[in-house]
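**Student:** Fold the following and give me the result.
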Amino acid sequence: MTKGRRIGFIAFSLLMIVCLVALGAWQLQRMQWKAQLIEQSKSALTAKPVSINDITAGIEYGFSVDWLRIELTGSYRHDLERYIYSPTKAGIGYQIITPFIDDAGILVFVDRGWVPATAKDLANRQPARQPENKIVITGVTRLHIPGTTLFQAQADRVNNVWYWYDRETLATSLPTGTGETTDGQLPIISPVFVQLEPNGEPGVGEWPKIGPVKIELPNNHLHYAITWLSLALITLVMLIIFLRANRKTKAAP
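**Tutor:** The predicted model follows:
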């Protein structure tokens, strides 16, 4: 190997080591940030609930509004409920998504819980819990940021079945004038979903079944950090081996 190539290989190896160590350090910082975020989210689940106006203001000022306890006052539109396909260990089923018109003039999509496929239709959902008129409900805000997969299934609007929490198409699936007030004002569509917490709405009935609220924020950054730092160590070892072999070659008679 010529002198120029040796210098180029050494420079490239050193650059790779610096970049890999920097990536590892960045992942360690992300790990600490994610752990703090998870802890904050858990604390928020036991805090006093906020209003939908607080959520709107929080978004306007750039605050995180995911995983916050919230209280809504208004009424459901059970006739416009939608279904998100949700297979579980208990079998094929659906999350019941029902529009809720809050007194603040905001329409919120509320995840009221899970039903088996046999109870998808309200007529077969017995015993059903279906609170009417003006009520107060409590739950947790969820942004449900969509993934970027190219193979994301499209909604089956004929049967009102969705395969992910697609707020935009859920909104456009509602009839024109949904929630219109007596003075002709239409409600604003909330940027967050609300997942009911246990006992989060009045009424009795097994279905929809409200599950426990679980923080779903994976923290895999330590694994990523170990990967990047391991690659940096491997590159360093290879560079040392190369330098030693090159030194022996120069020392040979």
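**Student:** going forward, measure contacts between C-alpha atoms and count neighbours the same way
**Tutor:** Will do.
**Student:** May I have stretch 117-128 as CSV, with CA atoms only?
**Tutor:** Extracted in CSV, the C-alpha atoms of stretch 117-128 (Å, rounded to 0.1, in the frame of the first residue of the first chain):
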residue,chain,number,x,y,z
ALA,A,117,-66.0,-8.4,16.3
THR,A,118,-69.4,-9.9,17.3
ALA,A,119,-70.2,-6.7,19.2
LYS,A,120,-69.2,-4.3,16.5
ASP,A,121,-72.8,-3.4,15.7
LEU,A,122,-74.5,-1.6,18.5
ALA,A,123,-77.6,-3.9,18.3
ASN,A,124,-75.3,-6.8,19.2
ARG,A,125,-73.4,-5.0,21.9
GLN,A,126,-75.1,-6.2,25.1
PRO,A,127,-74.8,-5.2,27.8
ALA,A,128,-73.8,-1.9,26.2
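**Student:** mind listing what's buried in it?
**Tutor:** Across stretch 117-128, burial judged by 16 or more other C-alpha atoms under 10 Å covers 117, 119-120, 122, 125, 128.
**Student:** Now, these that are in helices?
**Tutor:** Per DSSP state H, helices hold no members of those.
**Student:** Show me which pair in those residues is furthest apart.
**Tutor:** Using C-alpha to C-alpha, the buried residues of stretch 117-128 span at most 14.2 Å, a distance reached by Ala117 and Ala128.
**Student:** circling back: return the closest of the buried residues of stretch 117-128 with respect to Lys134.
**Tutor:** For these, the residue nearest Lys134 by C-alpha to C-alpha is Ala128; the value is 18.2 Å.
**Student:** which residues of the protein score low on pLDDT?
**Tutor:** For the chain, applying pLDDT under 70 flags the ranges 1, 37, 40-44, 146-151, 248-253.
**Student:** Do a quick rundown of the helices in it.
**Tutor:** 3-44, 52-60, 167-172, 221-251.
**Student:** looking at these, which is closest to Trp67?
**Tutor:** Set against Trp67 and scored by C-alpha to C-alpha, the helices of the chain come closest in helix 3-44, at 5.8 Å.
**Student:** what helices or strands is the closest one leaning on?
**Tutor:** Where contact means 3 or more C-alpha pairs under 8 Å, 6 or more residues apart in numbering; DSSP states H and E, helix 3-44 is packed against helix 221-251.
**Student:** Please work out the angle formed by the directions of the helix it packs on and helix 3-44.
**Tutor:** Counting by axes from the mean of the first three to the mean of the last three C-alpha atoms, to 10 degrees, helix 221-251 points 170 degrees away from the direction of helix 3-44.
**Student:** Use 84 as the first number for this chain going forward.
**Tutor:** Noted, 84 is the first residue going forward, which turns the last one into helix 304-334.
**Student:** Distance from helix 304-334 to the middle of the chain?
**Tutor:** Helix 304-334 sits 38 Å away from the centroid of its parent chain (C-alpha atoms, centre = their mean, to the nearest Å).
**Student:** Please apply the same query to stretch 197-215.
**Tutor:** Here stretch 197-215 is found 26 Å from its chain centre; the criterion is C-alpha atoms, centre = their mean.
**Student:** coming back round to it: of all the helices of the chain, which one comes closest to Ala238?
**Tutor:** Of all those, the one in closest proximity to Ala238, counting by C-alpha to C-alpha, is helix 250-255 (8.0 Å).
**Student:** could I get the closest one in PDB with only the CA atoms?
**Tutor:** Extracted as PDB, the C-alpha positions of helix 250-255 are listed here (Å, rounded to 0.1, in the frame of the first residue of the first chain):
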ATOM      1  CA  ARG A 250     -57.800  11.900  12.400                       C
ATOM      2  CA  GLU A 251     -58.100  13.600   9.000                       C
ATOM      3  CA  THR A 252     -60.100  10.900   7.300                       C
ATOM      4  CA  LEU A 253     -62.200  10.300  10.400                       C
ATOM      5  CA  ALA A 254     -63.100  14.000  10.300                       C
ATOM      6  CA  THR A 255     -63.900  14.000   6.600                       C
END
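**Student:** Any buried residues in that helix, and which?
**Tutor:** Neighbour-count burial for helix 250-255 flags 250, 253-254 (criterion: 16+ other C-alpha under 10 Å).
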